[in-house]
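Chemist: Could you work out the structure for the sequence below:
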Amino acid sequence: MPLAHIKTNLSPDQISDEFMKETSKMIAELLNKEEWRVTVHVDAGQKILRAGSFDPYIQFEIAAIKSFDDEADKEKYSKVFFDYLSEKLPVKYERIVVIFHRLASEDVGIKGTLNSILVKK
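Modeler: A predicted model of the protein is given here:
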């Protein structure tokens, strides 16, 4: 259940629906998850100061169950996210931060129950 949250000072009109759909697909493929499990949430037009500058910036936070336990995997994913974001949006590499969150299956509620209960059925 990958949950991606993009916080940026880019204006909302710079973040297209197509970008969000492409991002969902990229995350699903990268993490080997079904796309129906992926959520992409964008907070655009935020007032963000990074390193003393208001230049274009992205904070890409991603949370998932059983995807971010291995440092080597996170390093690989980080590179993919940086490359993807800097290619698709007008933001320089040094103005992107990626944050990984590990989720336990029992910490995610879905369909009125816990993910940990659903995977047992």
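
Chemist: okay, now the closest residue to Ser11 other than its chain neighbours: neighbour count?
Modeler: Nearest residue to Ser11 in three dimensions, chain neighbours excluded: Gly45, at 5.4 Å (C-beta to C-beta, 6 or more residues apart in numbering). Using the backbone N, CA and C atoms, a C-beta is placed for each residue, glycine as well. Gly45: 14 surrounding residues under other C-beta atoms under 10 Å.

Chemist: Would you agree Gly45 is in contact with Leu10?
Modeler: Yes - the pair Gly45 / Leu10 is scored as a contact, 7.5 Å apart, by C-beta atoms under 8 Å.

Chemist: And the helix or strand of the chain with the lowest mean pLDDT, what's buried?
Modeler: Lowest by mean pLDDT, DSSP states H and E among the helices and strands of the chain is helix 115-120, with a mean of 78. Neighbour-count burial for helix 115-120, counted by 16 or more other C-beta atoms under 10 Å, picks out Asn115.

Chemist: what helices or strands is it leaning on?
Modeler: Contacts defined by 3 or more C-beta pairs under 8 Å, 6 or more residues apart in numbering; DSSP states H and E place helix 115-120 against no helix or strand at all.

Chemist: So in terms of bridging, what pairs with Ile96?
Modeler: In this entry, Ile96 is beta-bridged to Ile58, by DSSP bridges.
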